[in-house]
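J.: predicted structure and sequence below. I'll ask about it afterward.
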Amino acid sequence: MLGAPALALVVWALAVPLAGTTLTVRMAGGTQTVDPVSVAVASLVAGLAGWALLAVLERWSARPGRIWTIIALVVCALSLTGPLGSAVGAAATLVLVLLHLTVGAVLVLGLVRR
């Protein structure tokens with residue numbers, strides 16, 4: 001589960017400090033820059049939520065891995081509406097989508113195998 005924030009921070013580091021991309025999103029009160037703390041916290045919260053859901057499904061479902069994987073893929077797909085709708089610029093959109101897909105892939109592959 002800690003692999004998701006770690007890999008997300010690697011993607012952020014490659015895109016922002018090294019490549020010079022500015023990750024800005026539109027918010028209700030203006031714009032906000034996506035910093036490494038936001039990346040780490042968001043991916044950690046997603047991992048904890050996924051882990052909690054899997055634990056509940058393992059207790060109450062006959063096929064917890066399959067159900068969890070389907071739910072996780074749907075949530076990952078829905079999460080893409082955030083960067084696709086609020087990122088400022090093509091580069092920011094691309095990097096933020098990559099961050100969402102990276103975290104989603106790590107969590108789907110990592111949690112369902114635990």
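T.: Here it is on my side, so go on.
J.: got the phi/psi numbers for the most far-flung residue of the chain relative to its centre?
T.: In the chain, residue 62 marks the outermost C-alpha relative to the chain mean, sitting 27.2 Å out by CA atoms, centre = their mean. Backbone torsions for residue 62, taken as degrees, to the nearest 10, come to phi -80, psi -30.
J.: for stretch 19-39, what is the average pLDDT?
T.: In this model, stretch 19-39 has a mean pLDDT of 94.
J.: send me it as CSV with only the CA atoms.
T.: Only the C-alpha atoms of stretch 19-39 are listed here, as CSV (Å, rounded to 0.1, in the frame of the first residue of the first chain):
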residue,chain,number,x,y,z
ALA,A,19,10.6,18.3,-16.6
GLY,A,20,9.4,21.7,-15.3
THR,A,21,5.7,20.9,-15.6
THR,A,22,3.4,23.1,-13.5
LEU,A,23,0.5,21.1,-12.0
THR,A,24,-2.3,23.5,-11.5
VAL,A,25,-6.0,22.7,-11.1
ARG,A,26,-9.1,24.9,-11.1
MET,A,27,-10.9,25.0,-7.8
ALA,A,28,-14.1,26.8,-6.7
GLY,A,29,-12.1,29.7,-5.3
GLY,A,30,-9.4,29.9,-8.1
THR,A,31,-6.5,27.7,-8.8
GLN,A,32,-4.3,25.5,-6.7
THR,A,33,-0.9,23.9,-7.4
VAL,A,34,-0.5,20.2,-6.8
ASP,A,35,2.5,19.7,-4.5
PRO,A,36,4.2,16.5,-3.3
VAL,A,37,2.3,16.6,0.0
SER,A,38,-1.0,16.6,-1.8
VAL,A,39,0.1,13.7,-4.0
